[in-house]
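Enquirer: Structural data only, the sequence is not supplied:
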């Protein structure tokens, strides 16, 4: 499992993708690849792209996983430490 501060996580995304809309995450349950842009295009909250499978919002994917609701293998998520020392789980990006 990767542990990072929110700043480290953000900088890694910028380094890899340059354009934050292109950041692509993998659902740890079904393996679906989704980008922030996918959520924006559908008019969804872009901050859910790294926490919820897109299947929670569209019918044809068959997965409704969220790191907020379920347990998943630690190698399939990152732990991000945000302000105040709070830790959140997020999907890995590719």
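Expert: That came through, no problem. Note that the coordinates shown come from a computational prediction; the quantities given were computed from them, not determined experimentally. Numbers count the residues shown, from 1 in each chain.

Enquirer: Break down the protein into its strands, ranges please.
Expert: In the chain, the strands defined using DSSP state E lie at 2-5, 24-26, 33-35, 77-81, 87-91.

Enquirer: Pipe those strands into a markdown table and attach mean neighbour count and mean pLDDT per row.
Expert: C-betas here are computed from N, CA, C, even on glycine. Below are the strands of the chain laid out as a markdown table (neighbours: other C-beta atoms under 10 Å; pLDDT from 0 to 100):
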| stretch | mean neighbour count | mean pLDDT |
| --- | --- | --- |
| strand 2-5 | 13 | 96 |
| strand 24-26 | 20 | 96 |
| strand 33-35 | 18 | 98 |
| strand 77-81 | 19 | 95 |
| strand 87-91 | 18 | 95 |
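
Enquirer: Ok, which of those comes nearest residue 17?
Expert: Smallest distance to residue 17 across these (C-beta to C-beta): 7.8 Å, for strand 24-26.

Enquirer: any idea how far the closest one is from the chain center?
Expert: Centroid separation between strand 24-26 and its chain, computed with C-alpha atoms, centre = their mean, to the nearest Å, is 6 Å.

Enquirer: Okay then, goodbye and thanks.
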